[in-house]
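Engineer: I'd like to go over a predicted model; first the sequence, then the structure.
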Amino acid sequence: MQFENERITMNYNFREIEAKWQKFWAENQTFKARNNSEQPKFYVLDMFPYPSGAGLHVGHPLGYIASDIYARYKRHKGFNVLHPMGYDSFGLPAEQYAIQTGQHPAITTEANIKRYREQLDQLGFSFDWSREVRTSDPKYYKWTQWVFIQLFNSWYNKDSNKAEDITDLISVFEKEGNTNVQAVCDDDTPQFSAEDWAGFSDRTKQEILLKYRLTYLADTEVNWCPALGTVLANDEIVNGVSERGGHPVIRKKMTQWSMRITAYAQRLLDGLDTIDWPQPLKDSQTNWIGRSEGAHVEFNVQGSDHKIAVFTTRPDTIFGASFMTLAPEHELVAKITSPEQKAEVEAYVEVTAKRSERDRMADVKTISGVFTGAYAEHPFTKDPVPVWIGDYVLASYGTGAVMAVPCGDQRDYDFAKHFNIPIPNIFEGVDISEEAFADKANTIIANSDFLNGLNFRQATRKVVDELEKIGQGQGKINYRLRDAVFSRQRYWGEPFPVYYVDGMPQMIADEHLPLELPEVEKYLPTETGEPPLGNATHWAWDTQSNTVVANELIDDQTVFPLELNTMPGWAGSSQYFNRYMDPGNDNAIYSEEAIGYWQDVDLYIGGSEHATGHLLYSRFWQKFLFDKGIAPKDEYAKKLINQGMITGTSAFVYKDMDSNKVYSKGLIEGKNTIPIHADVSLVNASDELDIEAFKEWQPDYKDSEFVLEDGKYIVGREIEKMSKSKYNVVNPDHICEEFGADSLRLYEMFLGPLEQSKPWNTAGITGVHSFLKKLWKLYGTVSDTEANAENLKTLHKTIKKVEEDIENFSFNTSVSTFMICVNELTAQKCTSKSILEPLAILVSPYAPHIAEELWERLGHTESIAAAAFPKFDERHLVESSKEYPISFNGKMKFTLELPLDMGKDEIEKAVMAHEKTKAQLNGREPKRVIVVPGRIVNIVG
């Protein structure tokens, strides 16, 4: 048989083929998953993108291609595959554009999503688009608001080690107060009896409950970015400035919503042992959570009722404490500072507020601090201990205060040396004249009263016992993890379903969700410093009609003000993977049937840059939903793969700082030049710059003199992150237009192992494009002739290798295997349908368009997506013959194929009878014939 359409048979018209099958998949909903099936389920998830105005570059689809290969493979293996896609569509860029232009972020976002969808569709991904979600869609963020309310109405019971309903806690308070309650709560939570609780005002009760709720209002030290007008999370700050725009960030106190993620610190650590995630990512989360064991110690401040609480991992060194250091933003600083030191302390606090926590943590060289003029009292010796402030102590870690032991901590040691503070030595037989001694494993305590002669563990236990006796401390496990600030002072985010009565937060009832964003005239903060929602004229809640009404109707009787902050960027991504299971459900976050069937994500692919952001917060939300019986698993993703980065090859011109000349790369030695990025689209394959196009692109250089080498301007090259700001972006649209989506998919996989970073080189794509042409040509004539042994051997070694590669996510080696297979079958002049049909299925996950076309032309009416994956039969790889190298005096002259079961004597007879052997010997008798069955034949003499 031959293909009916001879024109397509002769020419690989990828544009026509790809458009045809993309249309077919969309119209037939080929990849639509079912929420109930007798097939086993498999859930493949990609981190959904933020739809930026720039669209996709060739680096973005890497993870999507890998997940798509696996999703298609699992369908071939008989699984009901859920492979959804959506958009993390709330974000600062759209809001910044709105501030600049006045255009509503929803309009910008919609246009960007349309562009993303076009690009994703042309790459042939097998997404179930019927399940698309957008975090900025009110139908979606209704359920983000709903989860927030569930958190607000919950507390963490240490006894049961899970979240429980706040009404249960209220019942305990009514019966017995909180003396016996084991809960995660604020440190300053007062103790009270049932009688006390009954006598509290309604407001006081609400204030106390806020100290227990899993989402709560509190005055919090935050990273405030004045230029962006919002609070930033630690992971949104790079080198002390905002990741978005590079704006300065300062520390300040604000009343914010926070999530009590610290309640889950130990469970977040323990859960890492139950999931197949990359070890470097697990290490990042482990370090971020930062579990440490030690003691909580309280130092009385002399001349006042104040106490300074510290957490130390080295309570055994307490007799070496010669000073204390508070974080400059610590609440006690203003209260204990002496009048003489007030001006100096206030000046230092102001300077420190301009530095981010990350900047302060990273700066280990600068030593700075100020004495407060106050003294604490040592718990055991009762000696005065001077209290300093220093920016190396952070308010967000521990208690924001340290018991400084310079002989045992290098940073304390350097601080003490710098400010001439005494450094008492409490270690037996150790010289601390040059540096601190931090080796706790070899510590023997000295000069420490009742601790003398004890090692680290013995001394630690003894100190904790003695602190408990005098009521100034106890053993404690501490975590570096802080509660997550959940407020942002911006417009384009999820509104909080919260209104305020007498300043206290009240939740809007579930049945009235979603609370939708209001229209505003300006997207900047108000003139009085309120967030952008403060510009809304209709942003009040009428408790009688349960609707949003005009602000002018606020009467604090039935109409109340709504929350002006919005939720952070990670809110919408913290449960989207579950919502995909039942995205059209308006009555529940998802049905029991849907969550019961899909359970969790089987494979999640995304970037490691989200390790301590989305990937931590989403685990927290999942554990909460599990506690409340809303989710069946307390970890949502069994396996996670972090794809590497496709880097760009940037181009540079070299501007002379002493003239208007721009030197070619080979002429810059000895010149005072600086590299300037050039758009890679202006550079040809030989690294030659189109000078006139560059001048048109950068008018500042129109009068510059470009100094050439050999008549050409050669740019410099450097591998960098592919980024619009580096002008090294390669648009996938252009690649698809010139080579096709299948070529792009194969090439991105061919570049190297999925987890590694690899540089893009457009010239390299011609190799895989040529392979697809060879594949197409192989199917030019297809017959029902029986496959021979060679054909079957080639096919089955390909089946074996490709299946192993896909299961091990070694997609790059599969592409090489396909090339070898097609070359072998071409050389074998294979036309057998029994070989070419399973080969099309093998290729399908990688190059789905050409595979669908070939499948159809093989006579099939169903999509290849539903075809069963070929079964490997090892019998076809069992060798029945051996190609022996025939050597003369150790030098191979020819090869001879002989049966593998042929004996030694028979091999010798066959070789000696061969015409080529006779020609080599030319009538001579050999001295010896060496035969090693299955390996070699060597004729000596």
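Structural biologist: Here it is on my side, so go on.

Engineer: Sketch out the low-pLDDT regions of the stretch 151-300 of the chain for me.
Structural biologist: Applying pLDDT under 70 to the stretch 151-300 of the chain flags residues 234-235.

Engineer: The nearest residue to Gln828 once chain neighbours are set aside: what secondary structure?
Structural biologist: Leaving aside its sequence neighbours, Gln828 sits nearest to Glu790 (C-beta to C-beta, 6 or more residues apart in numbering; 5.2 Å). To be clear about C-beta, it is placed using only N, CA and C from the backbone, and glycine gets the same treatment. Following DSSP: H, G, I helix; E, B strand; the rest coil, Glu790 is assigned to helix.

Engineer: these two touch, right, Glu790 and Ser832?
Structural biologist: No - when contacts are counted by C-beta atoms under 8 Å, Glu790 is not listed as touching Ser832 (10.8 Å).

Engineer: So those two - more neighbours on which side?
Structural biologist: Ser832 (19 against 15; other C-beta atoms under 10 Å).

Engineer: ok, and the closest non-adjacent residue to that one?
Structural biologist: Ala787 (4.2 Å).

Engineer: residues in contact with the one you found?
Structural biologist: Leu795, Cys830, Ser832, Ser834, Ile835 (C-beta atoms under 8 Å, 6 or more residues apart in numbering).

Engineer: Which helix or which strand is home to it?
Structural biologist: Taking DSSP states H and E as the definition, Ala787 sits outside all helices and strands.

Engineer: Okay, it and Thr794: tell me how far apart.
Structural biologist: 9 Å (C-beta to C-beta, to the nearest Å).

Engineer: again with Ala263
Structural biologist: From Ala263 to Thr794 the distance is 59 Å (C-beta to C-beta).

Engineer: Who has more neighbours out of these two?
Structural biologist: Ala263 (26 against 23).

Engineer: tell me the contacts of that one?
Structural biologist: With C-beta under 8 Å, 6+ apart, Ala263 has these contacts: Tyr156, Ala163, Val184, Leu214.

Engineer: Out of the residues you listed, which two sit at the greatest distance?
Structural biologist: Ala163 and Val184 (9.5 Å; C-beta to C-beta).

Engineer: Mutual contacts of these two, please.
Structural biologist: Trp155, Tyr156, Ala263.

Engineer: in which helix or strand would I find the first one?
Structural biologist: Here Trp155 sits within strand 154-157, counting by DSSP H and E.

Engineer: And whichever helix or strand comes after that strand, what does it pack against?
Structural biologist: Proceeding N to C from strand 154-157, the next assigned helix or strand is strand 162-165, under DSSP H and E. For strand 162-165, the elements it packs on are strand 154-157, helix 614-627, judged by 3 or more C-beta pairs under 8 Å, 6 or more residues apart in numbering; DSSP states H and E.

Engineer: contacts for the shortest one?
Structural biologist: Translated: strand 154-157. 162-166, 169, 182-185, 212-214, 260, 263-264, 624, 627-628.

Engineer: Make a ChimeraX selection of the buried ones in the residues you listed.
Structural biologist: Burial among these is assessed by 16 or more other C-beta atoms under 10 Å; the matching ChimeraX selection reads:
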select :162,163,164,166,169,183,184,185,212,213,214,260,263,264,624,627,628
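
Engineer: which residues touch the most centrally placed residue in the chain?
Structural biologist: Closest to where the C-alpha atoms of the chain average out (C-alpha atoms, centre = their mean) is His610, at 2.5 Å. When contacts are counted by C-beta under 8 Å, 6+ apart, His610 touches Met47.

Engineer: how far away is it from Gln285?
Structural biologist: For His610 relative to Gln285 (C-beta to C-beta), the value is 11 Å.

Engineer: Which parts of the stretch 251-400 of the chain are strands?
Structural biologist: Secondary structure of the stretch 251-400 of the chain by DSSP state E, counting those that start in this stretch: the strands cover 291-301, 307-312, 323-326, 370-377, 384-389.

Engineer: Let's see the distance spanning stretch 626-642 from one end to the other.
Structural biologist: End-to-end distance for stretch 626-642: 25 Å, by C-alpha to C-alpha, to the nearest Å.

Engineer: Next, the buried residues of that stretch.
Structural biologist: Neighbour-count burial for stretch 626-642 [16+ other C-beta under 10 Å]: 626-628, 630-631, 633-638, 640-642.

Engineer: what about that stretch, average pLDDT?
Structural biologist: Mean per-residue pLDDT for stretch 626-642: 98.

Engineer: How far off centre is it?
Structural biologist: Relative to its chain's centre, stretch 626-642 lies at 16 Å (C-alpha atoms, centre = their mean, to the nearest Å).

Engineer: Ok, stretch 747-764 next?
Structural biologist: 20 Å.

Engineer: after the lowest-mean-pLDDT helix or strand in the chain comes which helix or strand?
Structural biologist: When the helices and strands of the chain are scored by mean pLDDT, DSSP states H and E, helix 6-10 comes last with a mean of 45. Downstream of helix 6-10, the first helix or strand assigned by DSSP H and E is helix 14-28.

Engineer: what does that next one contact?
Structural biologist: With C-beta under 8 Å, 6+ apart as the criterion, helix 14-28 contacts 8, 30-31, 121-122, 124, 126, 129, 736-737, 739-743, 772, 848-850, 852-853, 863.

Engineer: Would you mind giving me the confidence score for Arg875?
Structural biologist: So Arg875 comes in at 90 (pLDDT).
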